[in-house]
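Peer 1: Sequence and predicted structure are below.
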Amino acid sequence: MKTQVSTTILIAVPLITAVATLTAAALTAVITSSIAKRNLQYAGVQAAKDRETKKLADLRQSRRSAYASFMTACIECAYAASEKVSPEPGETEIDAWKRHKSGLRAHWHHVVQAYAVLQMEGPEEVVAAGKDARRAVRTLREAVLEARRPELSDAERVERKTKRDEVISAADRSMLLYAETARRALNEEWT
């Protein structure tokens, strides 16, 4: 016996199948797009965190470099001030003093340059401690030059040498305070 399938059924079955397939495809697209959206949001948040972490690390490295450069310039200037200067063959004592003064001026210039960078990097408490250290190194430089003036009598040299020793102690304290303030600022930034 032959079964007759109505034309309605022949049209309805493929139509239902097509609608079901399209519905499944639409649901898959919605689910996939929501997953992709969530993944993109997560990637955006991660990228922002990574940028912030890198920014902080770069800032810390920049500050560390500025702090170290300033400290190095101060130490080099202080050491140059404390070096014994003797006239070279054919040079007078005044010429040796002028040579020493010129060398100290170059070292002082490095201190001033490093302090300018330090001021840009901040923070305020490190800049303030740096200002005190810079002032102490300048005072040390001036005291050393004054104590070594060739035209001074022996009594004046002894008096100025005593003053110079006091200035050296003050410069040491100022530089140690600066170093501690800078170290503390770096540690606070990182935590």
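Peer 2: On my side now, so go ahead.

Peer 1: neighbours around residue 48, how many?
Peer 2: By other Cβ atoms under 10 Å, the residues close to residue 48 number 10. For the C-beta atoms, the positions are set from N, CA and C on the backbone; glycine is no exception.

Peer 1: what does residue 181 give?
Peer 2: Residue 181: 20 neighbours (other Cβ under 10 Å).

Peer 1: Check residue 164 too.
Peer 2: Neighbours of residue 164 using other Cβ under 10 Å come to 22.

Peer 1: Now for it: which residues touch it?
Peer 2: 140, 143-144, 146-147 (Cβ atoms under 8 Å, 6 or more residues apart in numbering).

Peer 1: helices or strands up against the helix or strand harbouring residue 40?
Peer 2: Assigned by DSSP states H and E, residue 40 falls within helix 7-82. Here helix 7-82 touches helix 93-121, helix 124-147, helix 154-190, going by 3 or more Cβ pairs under 8 Å, 6 or more residues apart in numbering; DSSP states H and E.

Peer 1: sec struct for residue 88, please.
Peer 2: On the three-state scheme (DSSP: H, G, I helix; E, B strand; the rest coil), residue 88 is labelled coil.

Peer 1: Give the closest residue to the residue nearest the centre of the chain in space, chain neighbours not counted.
Peer 2: In the chain, the centroid-proximal residue (Cα atoms, centre = their mean) is residue 63; its distance is 1.6 Å. Spatial nearest neighbour of residue 63, chain neighbours left out: residue 121 (4.8 Å); criterion: Cβ to Cβ, 6 or more residues apart in numbering.
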